[in-house]
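1. output the structure for:
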Amino acid sequence: MKHISLLDIFYSLRKKLIILSTLAFLLVAIFYIVFTKPIYNPSAVVKVNVFEINPKWVSEIAGQVIVPSTPLDKVGTQIEAIRILMGEVFREKGINLDFKIPEKLLSVEERKTIVDTIKKNIKFRLLIKGDSIFVFRNKEIICKGTFDETINCSLFSFKLKKLKDFDKEVKGSIVYKNYPKTENYWSKKKVSVKQEGITDLVRITVFDKDRFYASDISNTIANKYIQWSSEQEKRIAKMSINQLQELLNMFDKSIDSIKNLADTLRLDKFTLVSYLLEFKGGISSEATAEFIRRLINNPNDYYLREIIERFYKKDIDFARLNNHIVTYLKKRDSILSSILDMEIAMAKTVSPAYVASYASPPYEPFWPKREVLILFSIFTGLLFGMIVSIVYDFISNRISNILQLKKWTFLDNVKFYYNFKDFQLYVKTKSSIKLHFNESIEGFKNYSKDEADEYVVLVKRNIDVNSYLELISNYSDKKCNIILL
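-> You can find the predicted model right below:
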């Protein structure tokens with residue numbers, strides 16, 4: 001098979017097949033856009049609470065971890081807390097309730113799951129007569145009510161609003177879906193909780209066909225987190241106050257003990273001075289001898305024995321102990337300051353976390369994206385049509401384009417032309433060339449094979465491969481020009 005260029009492929013493409021393929025994919029995309037319910041994605045943004053209640057030195061002093069332990073990824077832990085809180089919001093908003101009602105006549109204003117332990121889907125029949133709403137299970141009425149009021153059933157509650165006046169009886173249904181499966185589906189597929197870059201902002205996005213319902217869920221999750229954050233801060237502050245109070249008591253005892261030791265040391269020094277003043281020589285061997293003599297005379301005088309030992313060891317420094325007392329007092333003041341901060345945190349009504357922006361019902365749907373789908377369908381249709389065209393040409397037993405012509409041509413000295421005009425331009429560059437045609441052509445002299453310098457083989461489209469091979473087998477001894485007509 002001869003060399004195949006991109007130009008060969010372009011000329012060989014079946015234009016009709018590619019157009020039909022593109023139109024088919026485009027029609028599928030348009031059908032999908034028209035009949036698919038749009039999905040909206042309203043988002044609420046919250047500033048999460050990443051504060052640290054206790055400074056690190058407090059834990060180091062206490063020799064234990066003071067609550068709360070500070071995680072490495074503070075925002076990540078808050079995102080996990082938001083995910084946990086979503087389950088409670090899902091129950092409040094009745095995500096497992098699927099209403100099948102005429103959307104042009106009615107809208108669901110409120111829905112709530114009361115029982116969430118059902119492990120199977122249950123379908124309830126909905127009947128509306130005038131302003132009365134009835135809910136049936138099989139043929140039994142389980143609850144009833146009117147528009148714009150909450151209707152409480154055994155498993156759920158809901159509220160409907162009339163959008164248009166109607167006189168006829170309206171029928172619908174409510175499907176109570178398997179709650180654990182529904183919650184997992186919403187958590188994984190319909191709610192996105194992501195950090196905004198490297199900030200302490202978290203975006204909560206809900207995907208649903210009802211833009212108002214999605215906005216409501218997004219805002220409820222945000223508010224639920226703010227409420228939880230405030231309660232969590234107060235709870236941790238209370239725990240911290242208890243531990244800090246214990247630490248404060250321990251410091252008070254330590255300070256009292258050090259003060260007593262310092263006072264004793266000061267007394268020891270005064271007593272030692274009074275002993276030494278009895279000897280004019282000051283601290284001398286005579287004074288030491290006197291200490292020893294008194295100790296021998298009073299072997300049970302442990303106070304005197306301790307003075308002598310400290311005198312020689314010099315292991316107690318009043319100034320050093322006094323510095324310890326000052327340091328402990330400073331740390332004690334810091335603990336008192338931390339306790340005050342915790343008391344302020346418990347008294348606060350505003351959480352460090354807050355809603356940076358609430359979700360509002362978007363006007364444009366997130367999906368389907370019309371422009372993207374149309375462009376994608378056109379591209380896919382073109383690509384599919386070209387692939388089918390090329391594959392068909394390679395497996396076909398008839399020659400209809402230059403690609404197939406090159407595939408089935410086994411001559412060595414050969415040149416191909418896409419049309420007869422290209423060949424005429426070639427002939428003009430060689431005015432004295434003698435050509436032999438397999439068919440007579442008007443305006444060209446047809447020399448015999450022996451006289452001709454080159455051969456010209458005219459091939460009609462859709463010729464059978466076997467017939468073509470038989471035709472060109474007679475033109476292998478000289479340069480052959482093959483033209484596809």
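2. only C-alpha atoms for contact and neighbour calcs from this point on.
-> Noted.
3. could you list the low-pLDDT ranges of the stretch 201-350 of the chain?
-> 237, 241, 251, 254-325, 339, 342-350 (pLDDT under 70).
4. try it again with 50
-> Segments of the stretch 201-350 of the chain classed as low confidence (criterion: pLDDT under 50) are 276-283, 312-313, 315-316.
5. pLDDT score for the residue positioned nearest the centre of the chain?
-> Nearest residue to the geometric centre of the chain (Cα atoms, centre = their mean): Lys194, 5.1 Å. Lys194 is assigned a pLDDT of 93 by the prediction.
6. swap in Lys123?
-> With respect to pLDDT, Lys123 has a value of 93.
7. quick one: it is in a helix?
-> No: read with DSSP: H, G, I helix; E, B strand; the rest coil, Lys123 is strand and lies in no helix.
8. give me the beta-bridge partners of the nearest residue to it once chain neighbours are set aside?
-> Leaving aside its sequence neighbours, Lys123 sits nearest to Val175 (Cα to Cα, 6 or more residues apart in numbering; 4.4 Å). In this structure, Val175 bridges to Asp98, Lys123 when assessed by DSSP bridges.
9. now for Val175: which residues touch it?
-> Residues counted as contacts of Val175 (Cα atoms under 8 Å, 6 or more residues apart in numbering) are 96-100, 121-124.
10. got a ChimeraX select line for the buried ones in those?
-> Applied in ChimeraX, the following selects the buried portion of the contacts of Val175 according to 16 or more other Cα atoms under 10 Å:
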select :96,97,99,123,124
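11. still on that earlier bit, could you look up the SS state of the residue nearest to the centre of the chain?
-> Assignment for Lys194 (three-state DSSP): strand.
12. residues contacting it?
-> 79, 202-204.
13. list the ones among those residues that fall in strands.
-> 202-204 (DSSP state E).
14. may I see those residues arranged in CSV, with distance to Arg211 and neighbour count as well?
-> What follows is the ones in strands among the contacts of Lys194, written out as CSV (distance: Cα to Cα, whole Å; neighbours: other Cα atoms under 10 Å):
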residue, distance to Arg211, neighbour count
Val202, 20, 25
Arg203, 17, 21
Ile204, 14, 26
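15. for those, give me a markdown table that also has distance to Glu439.
-> Below are these laid out as a markdown table (distance: Cα to Cα, whole Å):
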| residue | distance to Glu439 |
| --- | --- |
| Val202 | 79 |
| Arg203 | 77 |
| Ile204 | 77 |
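16. and of the residues you listed, the nearest to Tyr32?
-> Taking Cα to Cα as the measure, Tyr32 sits nearest to Ile204 out of these, at 28.0 Å.
17. in the stretch 351-485 of the chain, where is pLDDT below threshold?
-> In the stretch 351-485 of the chain (pLDDT under 50), no residue qualifies.
18. repeat that for 90
-> Counting by pLDDT under 90, the stretch 351-485 of the chain has low-confidence residues at 351-354, 363-364, 366-371, 385-413, 415-433, 438-451, 453, 459-478, 482-485.
19. show me the beta-bridge partners of the residue nearest to the centre of the chain.
-> Arg203.
20. sorry, back to before: name the nearest of the contacts of Lys194 relative to Glu454.
-> Of the contacts of Lys194, the one sitting nearest to Glu454 (Cα to Cα) turns out to be Arg203, at 75.9 Å.
21. roughly how far apart are that closest one and Glu246?
-> 40 Å (Cα to Cα, to the nearest Å).
22. show me the strands in the stretch 51-200 of the chain, by range?
-> 97-100, 106-113, 122-129, 132-137, 140-146, 151-152, 156-162, 170-176, 191-195 (DSSP state E, counting those that start in this stretch).
23. for those, could you give me CSV that also reports distance to Met250?
-> CSV is the format used below for those (distance: least, Cα to Cα, whole Å):
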stretch, distance to Met250
strand 97-100, 57
strand 106-113, 51
strand 122-129, 62
strand 132-137, 66
strand 140-146, 63
strand 151-152, 57
strand 156-162, 55
strand 170-176, 59
strand 191-195, 42
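24. out of those strands, which is closest to Leu458?
-> The nearest among these, by Cα to Cα, is strand 191-195 at 66.1 Å.
25. alpha carbons of that closest one, as PDB, please.
-> Taking Å, rounded to 0.1, in the frame of the first residue of the first chain, the C-alpha atoms of strand 191-195 are listed here in PDB:
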ATOM      1  CA  VAL A 191     -24.000  18.000  48.400                       C
ATOM      2  CA  SER A 192     -20.500  19.300  48.000                       C
ATOM      3  CA  VAL A 193     -18.500  20.700  51.000                       C
ATOM      4  CA  LYS A 194     -15.200  22.100  50.000                       C
ATOM      5  CA  GLN A 195     -12.600  24.500  51.300                       C
END
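26. for it, list every residue counted as buried.
-> Quick answer for strand 191-195 (16+ other Cα under 10 Å): 191-193, 195.
27. would you reformat the residues you listed as JSON lines and include distance to Asp210?
-> Below are the buried residues of strand 191-195 laid out as JSON lines (distance: Cα to Cα, whole Å):
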{"residue": "Val191", "distance to Asp210": "14"}
{"residue": "Ser192", "distance to Asp210": "16"}
{"residue": "Val193", "distance to Asp210": "19"}
{"residue": "Gln195", "distance to Asp210": "25"}
